[in-house]
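Trainee: could you look at this predicted model? Sequence included:
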Amino acid sequence: MNVTAKIVVNLTDKGRLKVISTVCLNDEFLITGVRIVDCEKGLGVFMPSRRTKAEEYRDICFPITPQLHKTIKETVLEAYQNQPAQAEEAD
């Protein structure tokens with residue numbers, strides 16, 4: 001599967017949330033709101049989620065196979081690491 005990622009919002013200097021990105025699968029399916037967060041164990045990649053009535057967060061979409069999960073994570077982290085130094089920040 002061809003997986004590409006693009007950083008759409010750079011928040012590196014604003015706390016634990018570092019960026020928000022989009023991920024495209026096979027140039028056919030776009031996932032928006034994929035986040036990179038600075039966690040205790042390093043940078044984590046999180047799929048889009050929403051809060052339920054019980055105040056829990058549930059992923060809206062997620063990879064089924066461990067291989068696709070790994071590919072998405074690696075692709076998003078690579079896009080984060082290779083972004084231009086002067087990427088535009090959100091207000």
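Mentor: Arrived safely.

Trainee: which stretches of the chain have low pLDDT?
Mentor: 85-91 (pLDDT under 70).

Trainee: same thing but at 50, please
Mentor: Scanning the chain for pLDDT under 50 picks out the ranges 86-91.

Trainee: what segments of it are helices?
Mentor: Per DSSP state H, the chain carries helices over the ranges 66-81.

Trainee: how about the strands in the protein?
Mentor: Along the chain, counting by DSSP state E, strands occupy 3-10, 17-25, 29-39, 42-46, 49-51, 57-59.

Trainee: what's in contact with the first one?
Mentor: Contact with strand 3-10 is made by 18-25, 27, 32, 34, 68, 71-72, 75-76, 78-80, 83, 87-90, as judged by CB atoms under 8 Å, 6 or more residues apart in numbering. Placement of C-beta: from N, CA and C, glycine included.

Trainee: alpha carbons of it, in PDB - could you do that?
Mentor: Coordinates of each C-alpha in strand 3-10 appear next as PDB, following Å, rounded to 0.1, in the frame of the first residue of the first chain:
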ATOM      1  CA  VAL A   3       1.100   5.700   2.200                       C
ATOM      2  CA  THR A   4       2.000   9.400   2.100                       C
ATOM      3  CA  ALA A   5       1.800  12.100   4.800                       C
ATOM      4  CA  LYS A   6       1.700  15.900   4.800                       C
ATOM      5  CA  ILE A   7       2.100  18.100   7.800                       C
ATOM      6  CA  VAL A   8      -0.800  20.700   7.800                       C
ATOM      7  CA  VAL A   9      -0.400  22.400  11.200                       C
ATOM      8  CA  ASN A  10       3.000  22.800  13.000                       C
END
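
Trainee: brilliant, that's me finished.
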